[in-house]
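Student: Task: produce atomic coordinates for the following.
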Amino acid sequence: MSNRRRIVILGKTGSGKSSLANTIFGDELFKIGHTANSETSKCGAITKSVNGRNITLIDTPGFFDTDRSEEELKSGIVRCITECAPGPHVFLIVLKVERFTEQEQAVIAKINQYFSEEVLKFATVLFTHGDQLEEGQTIEDFVRGNELLSDLVKKCGGRCHVVDNKYWKNNQQDEYRNNQFQVKELLKTMEKITEANGGSYYTNETLQAVEEKIKQGEVLIRKSPGNMSEEEIREKAKDGAYDWLFGLAGFTTTILLGCLFGFVLLKR
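Tutor: This next block holds a predicted model:
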């Protein structure tokens, strides 16, 4: 079993995906947006060792946003697919602890629309803005108060976690309201997901086809002159696979999301 875990972070813009990635890494590696327009307009991937395991966090643009252009969304989805090929070990579905609005309902409706049952076997729901929990309230208590949320968490095997990227950084008074404690719990859940899935990751025809393209690219790059590291070869080959997938005619964002989450088969 590989020592590296690929984790895809999903959620709408402003839900705290990039801050969450930094909280998991314990380091400010992802750029944070403090305006309505998120910094994560592109898909970014960073690998770091956490508790002795190499973790690649893939921070995605808001796939479920309604105000992004088709071209921008398409670019982000294609980059996500090439970054997480041959498949992610875990999907983190990021929502905020807040009053449940129509926007949040729309995000869950899209998750229910795009995510196959297979994907949800590899998913956990992660709430940010934990400081919004009432005194003594756990995230499970919060989830129980909303039927839509309860249903989503149930579909994810009952898995849910909470962090607070701002106020829980160094909270020593309350173990539950402490990011270090919550990240440890999250990492344990990630391992349990991988173990429950036979040590494997989520994959599908699209992700396998992209991995195949990456492998073909690596072979060609190794044959060309130059002194590149294996990491650099992989990155260059991923760029080639990105160009190939992005260039496939007739791929709308809906089809691409369907390809990533297993609802649509890739037609090459």
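Student: contacts for the helix or strand hosting Ile108?
Tutor: In this structure, Ile108 sits in helix 102-114 according to DSSP states H and E. Applying C-beta atoms under 8 Å, 6 or more residues apart in numbering, the contact partners of helix 102-114 are 11-12, 64, 66, 93, 95-96, 98, 148-149, 152, 257-258, 261, 263. To be clear about C-beta, it is placed using only N, CA and C from the backbone, and glycine gets the same treatment.
Student: Quick one: distance of it to the chain centre.
Tutor: 16 Å (C-alpha atoms, centre = their mean, to the nearest Å).
Student: picking that back up, just to be careful, could you list which of the contacts of helix 102-114 are in strands?
Tutor: Ile93, Leu95, Lys96 (DSSP state E).
Student: Now tabulate these in JSON lines and tack on pLDDT, distance to Thr189 and neighbour count.
Tutor: Converted to JSON lines, the ones in strands among the contacts of helix 102-114 look like this (pLDDT from 0 to 100; distance: C-beta to C-beta, whole Å; neighbours: other C-beta atoms under 10 Å):
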{"residue": "Ile93", "pLDDT": "95", "distance to Thr189": "13", "neighbour count": "26"}
{"residue": "Leu95", "pLDDT": "94", "distance to Thr189": "16", "neighbour count": "26"}
{"residue": "Lys96", "pLDDT": "93", "distance to Thr189": "19", "neighbour count": "18"}
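Student: picking that back up, can you tell me which of the contacts of helix 102-114 are buried?
Tutor: Gly11, Lys12, Phe64, Ile93, Leu95, Lys96, Leu149, Leu152, Leu257, Gly258, Phe261, Phe263 (16 or more other C-beta atoms under 10 Å).
Student: just curious, which of those is nearest to Ala123?
Tutor: Among the buried ones among the contacts of helix 102-114, Ile93 lies closest to Ala123 (C-beta to C-beta), at 5.7 Å.
Student: From Leu245, how far off is the closest one?
Tutor: To Leu245, Ile93 is 24 Å away according to C-beta to C-beta, to the nearest Å.
Student: so where's this protein shaky on pLDDT?
Tutor: Counting by pLDDT under 70, the chain shows low-confidence ranges at 1-2, 33-42, 171-172, 249, 263-268.
Student: And the strands in it?
Tutor: 4-10, 44-50, 53-59, 90-96, 123-128, 160-162.
Student: Compare those and give me the one nearest Ala21.
Tutor: So among the strands of the chain, strand 53-59 is nearest, using C-beta to C-beta, at 4.6 Å.
Student: May I have the strands that pair with the closest one, each with its orientation?
Tutor: Using DSSP bridges, strand 53-59 pairs in its sheet with strand 4-10 (parallel), strand 44-50 (antiparallel).
Student: deepest of the ones you listed, which one?
Tutor: strand 4-10 (a mean of 23; mean count of other C-beta atoms under 10 Å).
Student: Show me the contact partners of it.
Tutor: Residues contacting strand 4-10 (C-beta under 8 Å, 6+ apart): 17, 20-21, 47, 53-60, 63-64, 80, 83-84, 87-94, 190, 194, 201.
Student: Buried members of these into PyMOL, please.
Tutor: Buried residues among those (16+ other C-beta under 10 Å), as a PyMOL selection:
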select buried, resi 17+20+21+47+55+56+57+58+59+60+63+64+80+83+84+87+88+89+90+91+92+93+94+190+194+201
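Student: Mind jotting down where the helices sit in the stretch 51-200 of the chain?
Tutor: Under the criterion DSSP state H, counting those that start in this stretch, the stretch 51-200 of the chain contains helices at 70-84, 102-114, 117-120, 139-144, 147-155, 179-196.
Student: elements contacting the first one?
Tutor: Which is helix 70-84. strand 4-10, strand 53-59, helix 205-223, helix 230-246, helix 253-260 (3 or more C-beta pairs under 8 Å, 6 or more residues apart in numbering; DSSP states H and E).
Student: With that, I have no additional questions.
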